[in-house]
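> just coords:
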């Protein structure tokens, strides 16, 4: 009995859904499967403006200007 493996009682599957209009049908289909106890929907939380700014920097969505005057020229002021 030294080589007995204990399997977890629960597992988790993550499904990315591109068409949110199908969410209700997908939840219903998954809940009908044998062994499924609970179907929960986790939605992406909205980022704060600070978190969005960090993401913009990380993904290169920034502009650089040589001076404030160049910035105002670009903005048309």
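Structure received. These numbers were taken from a predicted model, which means no experiment stands behind them.
> Excluding chain neighbours, give the residue nearest to residue 62 in space.
Leaving aside its sequence neighbours, residue 62 sits nearest to residue 56 (C-beta to C-beta, 6 or more residues apart in numbering; 6.3 Å). The C-beta positions use only the backbone N, C-alpha and C, and glycine is treated the same way.
> tell me the SS of the one you found?
helix (DSSP: H, G, I helix; E, B strand; the rest coil).
> Wait, it touches residue 50, no?
No: at 10.7 Å, residue 56 does not count as touching residue 50 under the criterion of C-beta atoms under 8 Å.
> about what we covered before: ok, the residue nearest to residue 62 to residue 67 distance?
Distance of residue 56 to residue 67, computed by C-beta to C-beta, to the nearest Å: 22 Å.
> more neighbours, the two?
Taking other C-beta atoms under 10 Å, residue 56 and residue 67 do not tie; residue 56 has more neighbours (11 against 8).
> do you know how far the more buried one is from residue 47?
Residue 56 is 10 Å from residue 47, where distance means C-beta to C-beta.
> same question, residue 53
9 Å.
> Need the pLDDT of residue 36.
pLDDT, residue 36: 87.
> Residue 6 now?
pLDDT, residue 6: 69.
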